[in-house]
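Asker: Structure for the following, please:
(one chain, ligands or ions: 1)
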Amino acid sequence: MRDDAPAPMLHNLGSINLDHVYRVPHLVAPGETLASHDYRVGLGGKGANQSLAMARAGARVCHWGRLGRQDAWARDSLARAGVDVTRVELVDEPSGHAIIQVDDAGENAIILFAGANHGFRGSDLAALVEGAAEGDWLLLQNECNGLEGLMNRAAERGLAIAFNPAPMAASVLALPLEQCRLLFINRTEAAGLAGLGADAGAETLLDALAARLPACELVLTLGGDGAWYHQGALRLHRPALSVEAVDTTGAGDTFIGYYLAARQAGLDVEACLARASAVEVEALLAAEAS
Ligand code: RIB
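Answerer: Below is the predicted model:
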């Protein structure tokens with residue numbers, strides 16, 4: 001890349017959800033009816049959260065998504081934050097949504113309805129990939145359909161794929177993960193991909209994943225236990241900054257967005273981890289203040 005060439009674009013094929021967030025004294029138990037003490041509805045979805053974070057971090061990001069026509073305000077919120085929304089299609093289907101309980105200890109439980117996020121046709125995805133330039137990044141999560149074909153096509157086109165396999169599901173194991181340049185994983189996702197128990201240590205998880213995907217950069221996020229990076233001979237650990245979590249919803253998405261924005265800005269791995277970790281804490285503190 002020439003010095004004056006623009007940094008590769010960050011494309012994000014990502015879910016856009018309407019988040020219905022209920023504050024509750026505890027997560028509802030089977031058969032229980034529980035009163036909430038606060039309710040808000042707002043823009044969410046792992047994909048949209050990550051695009052917002054990238055834009056707020058100053059990155060050039062283009063969101064690829066689908067949203068019910070009546071919810072155009074969600075697309076407009078992304079646009080106001082600086083996200084290129086020209087590839088967000090308004091459709092005659094219900095938008096994706098999430099029912100989120102957050103308890104007084106900051107624990108959450110989420111029910112997802114995929115809606116329009118699962119309406120991508122192979123031909124639409126092919127056209128989106130064709131519109132991206134070789135060397136651009138493509139970020140994916142597991143809340144949209146069509147990932148297998150998209151990964152293969154994007155890799156053929158020379159895009160650098162970053163994948164966050166969240167929410168983790170058995171279907172992720174069948175994806176062509178060797179096509180990915182970078183994986184963002186938490187403990188559950190890493191354990192699921194490595195075929196290990198969730199009590200496995202961070203370095204055991206990294207060793208197992210590195211053996212399976214040797215070319216892939218691994219970013220393992222462990223909340224209060226910090227974040228790890230592994231690729232080839234390079235392994236780094238960044239301790240977490242200390243904060244008492246009141247609502248962790250979306251904090252991981254913020255980490256990913258800021259990490260990729262720092263990467264687009266040409267920072268080294270250590271600086272990317274530092275920036276993403278600091279802003280994840282800010283996201284937690286903002287949730288506390290709201
Ligand atoms: O990661 C948090 C997100 O997960 C929420 O915004 C919700 O929509 C679900 O996708």
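Asker: isn't Gly106 right up against Gly224?
Answerer: No - contact criterion Cβ atoms under 8 Å: Gly106 and Gly224 do not qualify, at 11.5 Å. All C-beta spots, glycine's among them, are computed from the backbone N, C-alpha and C.
Asker: who has more neighbours, the two?
Answerer: Gly106 (15 against 11; other Cβ atoms under 10 Å).
Asker: how close does the more buried one get to Leu27?
Answerer: Going from Gly106 to Leu27 by Cβ to Cβ, to the nearest Å gives 11 Å.
Asker: quick one, what contacts the residue of the stretch 1-150 of the chain at minimum distance from the ligand?
Answerer: Nearest residue of the stretch 1-150 of the chain to the ligand, counting by Cβ to the nearest ligand atom: Gly44, 2.8 Å away. By Cβ atoms under 8 Å, 6 or more residues apart in numbering, the residues touching Gly44 are Asn17, Leu18, Asp19, Ala98, Ile100, Thr249, Gly250.
Asker: Same question for Arg69.
Answerer: Arg69 is in contact with Leu90, Val91, Asp92, counting by Cβ under 8 Å, 6+ apart.
Asker: repeat that for 10 Å
Answerer: Glu89, Leu90, Val91, Asp92, Glu93, Ser95, Ala116 (Cβ atoms under 10 Å, 6 or more residues apart in numbering).
Asker: From the residues you listed, keep the buried residues only.
Answerer: Those of these that meet the buried threshold are Glu89, Leu90, Ser95, Ala116, by 16 or more other Cβ atoms under 10 Å.
Asker: what's the burial count for the residue nearest to Arg60 when sequence neighbours are not counted?
Answerer: Excluding the flanking residues, the one nearest Arg60 by Cβ to Cβ, 6 or more residues apart in numbering is Met9, at 5.7 Å. Using other Cβ under 10 Å, Met9 has 18 neighbouring residues.
Asker: gap between Met9 and Asp19?
Answerer: 27 Å.
Asker: ditto for Leu222
Answerer: 24 Å.
Asker: which one of those two has more residues nearby?
Answerer: Each of Leu222 and Asp19 has its neighbours counted (other Cβ under 10 Å); Asp19 has more, 21 against 16.
Asker: Regarding that one, what are the backbone dihedral angles?
Answerer: phi -90, psi 120 (degrees, to the nearest 10).
Asker: Hmm, Asp71 and it touching each other?
Answerer: No - the criterion here is Cβ atoms under 10 Å, and Asp19 misses it with Asp71 at 11.9 Å.
Asker: What's the mean pLDDT across the helix or strand harbouring Ser51?
Answerer: If you go by DSSP states H and E, Ser51 is part of helix 46-56. Mean pLDDT, helix 46-56: 97.
Asker: Please apply the same query to stretch 78-85.
Answerer: In the prediction, stretch 78-85 has an average pLDDT of 98.
Asker: do stretch 151-165 as well
Answerer: 98.
Asker: List the buried residues of it.
Answerer: Buried, per 16+ other Cβ under 10 Å, within stretch 151-165: Met151, Arg153, Ala154, Ala155, Arg157, Leu159, Ala160, Ile161, Ala162, Phe163, Asn164, Pro165.
Asker: shouldn't Tyr259 be in contact with Trp137?
Answerer: No - using Cβ under 10 Å, Tyr259 makes no contact with Trp137, being 11.3 Å away.
Asker: Of those two, which one has the most company?
Answerer: Tyr259 (31 against 24).
Asker: The helix or strand hosting the more buried one to helix 46-56, inter-axis angle?
Answerer: Tyr259 is part of helix 251-264, with elements assigned from DSSP H and E. Per axes from the mean of the first three to the mean of the last three Cα atoms, to 10 degrees, the angle that helix 251-264 makes with helix 46-56 is 50 degrees.
Asker: Does helix 251-264 reach the ligand?
Answerer: Yes - interface with the ligand: helix 251-264 contributes Asp253 (Cβ under 6 Å from any ligand atom).
Asker: where does Ala245 land on pLDDT?
Answerer: Ala245 is given a pLDDT of 63.
Asker: now swap in Ala283 and tell me
Answerer: Reported pLDDT for Ala283: 62.
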